[in-house]
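Novice: model this:
(2 chains, ligands or ions: 1)
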Amino acid sequence: MYSEKVMDHFTNPRNVGEMPDADGVGTEGNPTCGDVMKISIKVKDGRIVDAKFKTFGCGAAIAVSSMVTEMVKGKTLEEALSISKETVANELGGLPPQKMHCSNLGADALKKAIEDYKSKQM
Amino acid sequence: MRKCYFDHAATNPLHPQVFDAMIPFLKEDFGNPMSVYDLGIRAKMAIENARTQVASLINAKPSEIIFTSSGAEANNFALRGIALARQNEGKHIIVSKMEHHSILNSARFLEKMGFAVTYLPVDKYGLIDPDIVKKSITKETTLISIIHASSEVGIIEPIKEIAMVAKEKGIIFHTDAVAAAGNISVDVKELNVDLLSMAAHQFYGPKGAGALYVREGLRIVPLIYGGIQENGRRAGTENVPAIVGMGKAAELAKAELSARMGSVKKLRDRLVDGILKVENVYLTGHPTDRLPGHASFCVEYIEGEAMLLLLAARGIYSASGSACSSKALKASPVLLAMGIPASLAQGSIVFTLGTDNSDDDIKYLLNEFLQVITRLREISPYAKGWGVWRKVDNVFRKSNGPFYKPQECW
Ligand code: FES
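Specialist: I've put the predicted structure just below:
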């Protein structure tokens, strides 16, 4: 039921881990099934230079986290903020309809990480 | 890659002898059992032979067996057929929270038709207390239906005791024995049940064949009206090859039952012992009152669908009752009814063994499963003590002790 790309990111997820010196951390819970995604980012000169994640959830949720952390690297904060559940799902070659909320989780955790970074700058 | 099928609760592979028995009825013996010439008579005789084989597996009379298309049909038939046949005597039925969807959704249908339904609670093992059954009976109760064995957590319910409670009050008793029949000894006389459902593909028979045992003399309203097949109780041209296959599968199950039970139980115990050595893994269901090939767990900190798919990528087939693995994104109602917290139910994983599994399969599974758990726990934010993980009551904390310690289970 998952695309090849999803299976690839699920079975070989990129950027798994914590980031002790993170500039921003965002966590988002899934109200539907109680799952959690945590994304940490490193920012330099307004660009995201590194990202890591930890996820408790299904195969799609893990693939989404992996993909989001790949997509944001090198992006400015504004560009990163434009990442939505649809763009993540598209990058993954599509997700089954009942798994779109897992994609949402990734986009929301990323937004929270960016907000966290911004709030620390003030 | 090695392939290990550990999802026998979903369905079984066909026994080669069952396959052979079915073939003539897919080819030259294609006649309609209702036809009066030789081709029809051969088909009719094959069905009656199968009826005797199926009856013999559960110690019933052949005339007490009605063939259906599935276990689900048998369950629908029992619930709706009896509730309707007895609606002038009362409109209350009792089922449990351990039941299969085919029972629960039939019960919901009856609720819509004006029946009252009691859904019995269970304890942490999934066990139904006959005393609670007794207390739930009202003057209006006409039918009690309790699952014989759960395909989700493997527990075997005290059917004989519950049937006795029903008998004392003159209430009809049905048991859904789809997961039990052909896998443990099931004897309708000894259990003293009025109706019992079974499905062929749960004991190495084909899909598309089920049966409902209806005690002699019991009136039941048909689900399907039409011709006089199955004595007018279930119309429709019979699925002859599938019925023949079910008969053969029943005959083999009866002959090989104790040998099968012994060998799968040995493998199962090895599997359970191995898996419970992993930290923070719980056995679900009862430690001893369970189907011989059934092993079910909740693994803390990780999610079932992810486990299941990583295992499948390594050629290991299993099942899960987690919310994420269900289409409706709801955790298994059975696990929740047993009091397992939703977060832990997310880590549900179920292995159901069969005669096609070997010792090497278990070794392979244990090895791969440990890798999968470790990998997913590395990805999980919870495993390293981050965040607000549910505090597991110490009573349920698993020790590395032997399998039968009750505190290891839910
Ligand atoms: S995290 Fe639960 S369905 Fe994806």
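Novice: hey, which helix or strand in chain B has the poorest pLDDT?
Specialist: Ranking every helix and strand in chain B by mean pLDDT, DSSP states H and E puts helix B:342-345 at the bottom, with a mean of 88.
Novice: so what does that one touch, helix or strand wise?
Specialist: Contact analysis of helix B:342-345 by 3 or more Cβ pairs under 8 Å, 6 or more residues apart in numbering or on different chains; DSSP states H and E lists helix B:333-337 as its packing neighbours. Any C-beta I mention is one placed from the backbone N, CA and C, and that applies to glycine too.
Novice: the helix it packs on vs chain A: in contact?
Specialist: No. With Cβ under 8 Å from any Cβ of the partner chain as the threshold, helix B:333-337 lies outside contact range of chain A, at a closest distance of 12.1 Å.
Novice: distance from that helix to the middle of the chain?
Specialist: 15 Å (Cα atoms, centre = their mean, to the nearest Å).
Novice: tell me which residues are up against it.
Specialist: With contact meaning Cβ atoms under 8 Å, 6 or more residues apart in numbering or on different chains, helix B:333-337 is reached by B:97-98, B:104, B:121-122, B:126, B:150, B:152-153, B:284, B:298, B:321, B:342, B:345, B:348.
Novice: same thing but 6 Å
Specialist: For helix B:333-337, the surrounding residues in contact (Cβ atoms under 6 Å, 6 or more residues apart in numbering or on different chains) are B:97-98, B:122, B:152, B:321, B:345.
Novice: residue A:50 falls within a strand, correct?
Specialist: Yes. Residue assignment for residue A:50, taken from DSSP: H, G, I helix; E, B strand; the rest coil, places it within a strand.
Novice: of all of the stretch 51-200 of chain B, which residue lies closest to the ligand?
Specialist: Using Cβ to the nearest ligand atom, residue B:152 is the residue of the stretch 51-200 of chain B that sits closest to the ligand, at 18.8 Å.
Novice: state the distance from that residue to residue A:114.
Specialist: For residue B:152, the distance to residue A:114 equals 42 Å [Cβ to Cβ, to the nearest Å].
Novice: one more: residue A:43?
Specialist: In this view, residue A:43 and residue A:114 are 8 Å apart by Cβ to Cβ.
Novice: hey, where'd the helices end up in chain A?
Specialist: Listed in chain order, the helices of chain A (DSSP state H) span A:4-11, A:59-72, A:77-81, A:85-91, A:100-121.
Novice: what do you get for the stretch 101-250 of chain B?
Specialist: Listed in chain order, the helices of the stretch 101-250 of chain B (DSSP state H, counting those that start in this stretch) span residues B:101-112, B:130-136, B:159-168, B:188-191, B:240-275.
Novice: picking up where we left off before, ok, the residue nearest to the residue of the stretch 51-200 of chain B closest to the ligand when sequence neighbours are not counted - how many residues close by?
Specialist: Nearest residue to residue B:152, sequence neighbours excluded (Cβ to Cβ, 6 or more residues apart in numbering or on different chains): residue B:334, at 4.7 Å. Residue B:334: 26 surrounding residues under other Cβ atoms under 10 Å in any protein chain shown.
Novice: any low-confidence regions in the chain?
Specialist: Looking at chain A here, since you left the chain open. Counting by pLDDT under 70, chain A shows low-confidence ranges at A:30-33.
Novice: switch to chain B, that's the one I care about
Specialist: Using pLDDT under 70, chain B drops low at B:383-410.
Novice: before we move on, back to that, elements contacting the helix or strand following the least confident helix or strand of chain B?
Specialist: Read in the C-terminal direction, the helix or strand following helix B:342-345 is strand B:348-352, with elements assigned using DSSP states H and E. Applying 3 or more Cβ pairs under 6 Å, 6 or more residues apart in numbering or on different chains; DSSP states H and E, one finds that strand B:348-352 makes contact with strand B:294-299, helix B:304-313.
Novice: wait, which of the ones you listed is closest to chain A?
Specialist: Closest to chain A of the helices and strands packed on strand B:348-352, according to Cβ to the nearest Cβ: helix B:304-313, at 4.2 Å.
Novice: which helices and strands does that closest one pack with?
Specialist: Taking 3+ Cβ pairs under 6 Å, 6+ apart as contact, the helices and strands that helix B:304-313 lies on are helix A:59-72, strand B:348-352, helix B:359-379.
Novice: closest one to the ligand among these?
Specialist: Counting by Cβ to the nearest ligand atom, the ligand lies closest to helix A:59-72 out of the helices and strands packed on helix B:304-313; the figure is 3.7 Å.
Novice: what comes up buried for the closest one?
Specialist: Applying a neighbour-count criterion of 16 or more other Cβ atoms under 10 Å in any protein chain shown, the buried positions in helix A:59-72 are A:59-69, A:71-72.
Novice: which parts of chain B sit against the ligand?
Specialist: B:324, B:329 (Cβ under 6 Å from any ligand atom).
Novice: could you chop chain B up by domain?
Specialist: With domains defined by automatic domain parsing, chain B comprises B:4-9+B:257-396, B:16-253.
Novice: roughly how far apart are residue B:66 and residue B:211?
Specialist: Here the distance between residue B:66 and residue B:211 works out to 7 Å (Cβ to Cβ).
Novice: looking at these two, which has the bigger crowd around it?
Specialist: Ranked by neighbour count (other Cβ under 10 Å), residue B:66 and residue B:211 place residue B:211 first, with 32 against 24.
Novice: so that one bridges to which residues?
Specialist: Residue B:211 has the following beta-bridge partners by DSSP bridges: residue B:67, residue B:198.
Novice: tell me which residues touch it, please.
Specialist: Applying Cβ under 6 Å, 6+ apart, we find residue B:211 in contact with B:54, B:65, B:67, B:198.
Novice: dump those residues to TSV, plus neighbour count and distance to residue B:44.
Specialist: As requested, the contacts of residue B:211 are arranged in TSV below (neighbours: other Cβ atoms under 10 Å in any protein chain shown; distance: Cβ to Cβ, whole Å):
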residue	neighbour count	distance to residue B:44
B:54	32	16
B:65	27	15
B:67	26	13
B:198	31	22
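Novice: as CSV, those residues with distance to residue B:288 would be great.
Specialist: CSV is the format used below for the contacts of residue B:211 (distance: Cβ to Cβ, whole Å):
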residue, distance to residue B:288
B:54, 29
B:65, 31
B:67, 34
B:198, 24
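Novice: now, which of those residues sits nearest residue A:95?
Specialist: Comparing those against residue A:95 with Cβ to Cβ places residue B:198 closest, at 38.8 Å.
Novice: thought the closest one was touching residue B:177?
Specialist: Yes. The criterion here is Cβ atoms under 6 Å, and residue B:198 meets it with residue B:177 at 5.5 Å.
Novice: write out the residues of chain A neighbouring chain B.
Specialist: By the criterion of Cβ under 6 Å from any Cβ of the partner chain, the positions of chain A lying close to chain B are A:11, A:16, A:32-34, A:38, A:54-59.
Novice: 10 Å instead?
Specialist: Taking Cβ under 10 Å from any Cβ of the partner chain as the contact definition, chain A meets chain B at A:1-2, A:6-7, A:10-11, A:13, A:16-18, A:27, A:29-30, A:32-38, A:53-63, A:65-66, A:96-99, A:101-102.
Novice: pick the most buried one from the helices and strands packed on strand B:348-352.
Specialist: Across these, averaging neighbours per residue (mean count of other Cβ atoms under 10 Å in any protein chain shown) puts strand B:294-299 on top, at a mean of 28.
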